[in-house]
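*Asks:* The amino acid sequence is not available; the structure is as follows:
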């Protein structure tokens, strides 16, 4: 084993050396130590090598979130491969796309999921299936192997650099099929160190893993915990009331979630002991409504709120210091440690304070690009220029496509995604601003604003919402929005729903909602 951490599985190896008997993972009624977890990783990694896995071969993992899922991801790294986590809620056609696009040679899945993939596997490059649970023999041209962790194996690590690919995370995107973001070992290691630093994580933390491991923020919960030897409680989110139950049972100290999940968590009762135990709660994946933030702070009086922003192409990007939340509750903060976030004009020059521009992230967390897609990689990953350092080689940064604005003190505020912006009556309208106004009325629980083509206006604003009461009072909501928003931002139509669809990562599915609104 190397003396320094160069690959992502070294996070686990070092923790197992330092605290072998400390709890690493809990799933349902089972808890495994760091030593147990590392032994399982070494065993599965050795098996992968026996199957002929070579450096940078892709290993897809299609399992619900459980101990074997985490072991499989880190075993792929330990064997020299690239892991491809596949969200367990995806259907066969979506899984087939990821397997085919990534050209994964190995698929690790469960017997019950394997049956649903019989039609798509023949069209992929999968040669080996490792099955958790009872082994079945599907009618496909691939070798089927049982999950093995009991055999003691000495891990012989393949040669690998920290700039080598470690993972491919498939993002849902707003149009077209998901694209694979390639993260290096350096990206994952730098992200784990940076996030654990500002969250002040220690080995005493118990972190609830509520987000999918195929989502950058979900994977970050595990890497961050392993970097400090913390305890991870794995959860496949079903209903909001399960969250406080798990937190009470295991003494959870930290939770990271996306706004739709926080909206639900804020509505359920919490045992006093569980609420007081929470040391921090963090939001990512969109702006948290002010009313929800206030309610969470009342529920968790001892917890520090972290408002964060991240994009898969840079793993993590910004956070707001909890000390600034009262003064700047709408800010996404400043760059995380070991990163710089710029606000740039289209020509690459820096925006002035108060001037909207594109968020551009530079530093060790910038991903390697989009898997097997040089065109889209060139569009999003572009050089940043250093006018006073013309001698240096071009440095690649990720141009996020998100519009932000910085204040005089350098704090950033999210305006909207370029592809989500609504253009109406000659104005550019941020969906977030409309949604915030809707939340502030207290009449809506969930809200998504979209732009629908309109011959006269270019686009008209449509608000799709669920109610805090049994039925949505549309006239009252319309009147309130007319009071809160300029005329061009007021929705021309309010569509009341009982539930809003979500993407596999738990975010509202804007593309689907937009497609469902009649033009």
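*Replies:* In hand now; what should we look at? These numbers were taken from a predicted model, which means no experiment stands behind them. Numbering: from 1, shown residues only.
*Asks:* The residue lying closest to residue 356 once chain neighbours are set aside: neighbour count?
*Replies:* Of all residues not flanking residue 356 in the chain, residue 405 sits nearest, at 4.8 Å (C-beta to C-beta, 6 or more residues apart in numbering). No exception for glycine: its C-beta is placed from N, CA and C like everyone else's. Neighbours of residue 405 under the rule other C-beta atoms under 10 Å: 18.
*Asks:* What distance do you get for residue 405 to residue 330?
*Replies:* According to C-beta to C-beta, to the nearest Å, residue 405 and residue 330 sit 11 Å apart.
*Asks:* Could you do residue 4 as well?
*Replies:* For residue 4, the distance to residue 330 - C-beta to C-beta - is 40 Å.
*Asks:* So which of these two has more stuff around it?
*Replies:* residue 330 (16 against 8).
*Asks:* didn't the more buried one look like it was pressed against residue 413?
*Replies:* Yes. Shown here, residue 330 and residue 413 form a contact pair, counting by C-beta atoms under 8 Å, at 6.0 Å.
*Asks:* who touches the lengthiest helix in the chain?
*Replies:* Longest among the helix segments of the chain by residue count, using DSSP state H, is helix 34-50. Helix 34-50 is contacted from outside by 9, 12-13, 15-16, 19-25, 32, 59, 67, 70-72, 74-76, 78-81, 106, 130, 145, 147-156, 158, 229, using C-beta atoms under 8 Å, 6 or more residues apart in numbering.
*Asks:* Stretch 484-491 now?
*Replies:* Stretch 484-491 has contacts (C-beta under 8 Å, 6+ apart) with 424-425, 427, 429, 433-434, 437, 440-441, 449, 461-463, 478, 481-482.
*Asks:* same for the worst-scoring helix or strand of the chain on mean pLDDT, what does it pack against?
*Replies:* Every helix and strand in the chain was compared by mean pLDDT, DSSP states H and E; the lowest is strand 427-429, with a mean of 78. If you count contacts as 3 or more C-beta pairs under 8 Å, 6 or more residues apart in numbering; DSSP states H and E, strand 427-429 packs onto strand 422-424.
*Asks:* Distance from the strand it packs on to the middle of the chain?
*Replies:* Taking the mean of its C-alpha atoms, strand 422-424 sits 28 Å from the chain's own mean (C-alpha atoms, centre = their mean, to the nearest Å).
*Asks:* Within the sheet, what are the partner strands of it, with directions?
*Replies:* Strand 422-424 pairs in its sheet with strand 427-429 (antiparallel), by DSSP bridges.
*Asks:* C-terminal to the partner strand, what's the next element?
*Replies:* For strand 427-429, the following helix or strand on the C-terminal side (DSSP states H and E) is helix 431-440.
*Asks:* buried ones in that next one?
*Replies:* Within helix 431-440, the residues scored as buried using 16 or more other C-beta atoms under 10 Å are 431, 432, 433, 434, 435, 436, 437, 438, 439.
*Asks:* and the residues you listed, which two are the farthest apart?
*Replies:* 431 and 439 (12.3 Å; C-beta to C-beta).
*Asks:* hang on, residue 509 packs against residue 501?
*Replies:* Yes. If you go by C-beta under 8 Å, residue 509 and residue 501 touch, sitting 4.4 Å apart.
*Asks:* Between these two, point out the one with more neighbours.
*Replies:* Set residue 509 next to residue 501 and count neighbours by other C-beta under 10 Å: residue 509 wins out with 18 against 14.
*Asks:* related to what we said a few turns ago, what do residue 405 and residue 330 both touch?
*Replies:* Common neighbours of residue 405 and residue 330 (C-beta under 8 Å, 6+ apart) are residue 413.
*Asks:* and the residue nearest to residue 356, which of the three is it?
*Replies:* strand (DSSP: H, G, I helix; E, B strand; the rest coil).
*Asks:* List the beta-bridge partners for it.
*Replies:* Bridge pairing for residue 405 - DSSP bridges - gives residue 413.
*Asks:* OK, contacts around it?
*Replies:* Residue 405 touches 343, 351, 354, 355, 356, 357, 412, 413, 415, counting by C-beta under 8 Å, 6+ apart.
*Asks:* What is the nearest of the buried residues of helix 431-440 to residue 383?
*Replies:* Closest to residue 383, out of all of those and judged by C-beta to C-beta, is residue 432, at 29.5 Å.
*Asks:* quick one: the closest one and residue 470, what's the gap?
*Replies:* 27 Å.
*Asks:* Pop the domain breakdown of this structure in here.
*Replies:* 9-156+166-182, 237-415, 420-516 (automatic domain parsing).
*Asks:* Quick one: end-to-end distance for the second one.
*Replies:* It stands for domain 237-415. End-to-end distance of domain 237-415 (C-alpha to C-alpha, to the nearest Å): 29 Å.
*Asks:* What mean pLDDT does that domain get?
*Replies:* Across domain 237-415, the average pLDDT comes to 93.
*Asks:* just how off-centre is that domain within its chain?
*Replies:* Here domain 237-415 is found 10 Å from its chain centre; the criterion is C-alpha atoms, centre = their mean.
*Asks:* quick one on the thing from earlier: in the least confident helix or strand of the chain, which residues are buried?
*Replies:* residue 429.
*Asks:* Kindly report the same for stretch 352-365.
*Replies:* Buried residues in stretch 352-365, counted by 16+ other C-beta under 10 Å: 356, 357, 358, 359, 360, 361, 362, 363, 364, 365.
*Asks:* First-to-last residue distance for it?
*Replies:* Counting by C-alpha to C-alpha, you get 25 Å between the two ends of stretch 352-365.
*Asks:* repeat for stretch 56-75
*Replies:* From its first residue to its last, stretch 56-75 covers 13 Å (C-alpha to C-alpha).
*Asks:* now that stretch: mean pLDDT?
*Replies:* Here the average pLDDT along stretch 56-75 is 97.
*Asks:* starting at the chain centroid, how far to it?
*Replies:* 16 Å.
*Asks:* go on, stretch 507-515?
*Replies:* Using C-alpha atoms, centre = their mean, the offset of stretch 507-515 from its chain centre is 17 Å.
*Asks:* residues in contact with that stretch?
*Replies:* Applying C-beta under 8 Å, 6+ apart, the external contacts of stretch 507-515 come out as 172, 174-175, 258-260, 285-286, 420, 431, 446, 448, 450-452, 464, 500-503.
*Asks:* buried stuff in it?
*Replies:* 507, 508, 509, 510, 511, 513, 514.
*Asks:* Likewise for stretch 482-499?
*Replies:* Applying 16+ other C-beta under 10 Å to stretch 482-499 flags 484, 485, 489, 490, 491, 494, 495 as buried.
*Asks:* where's the second one relative to residue 491, distance?
*Replies:* Right, the one you point to is residue 485. Applying C-beta to C-beta, the value for residue 485 to residue 491 is 9 Å.
*Asks:* State the next helix or strand along the chain beyond the host helix or strand of residue 145.
*Replies:* Under the criterion of DSSP H and E, residue 145 resides in strand 143-146. Later in the chain than strand 143-146, the nearest helix or strand by DSSP H and E is strand 165-171.
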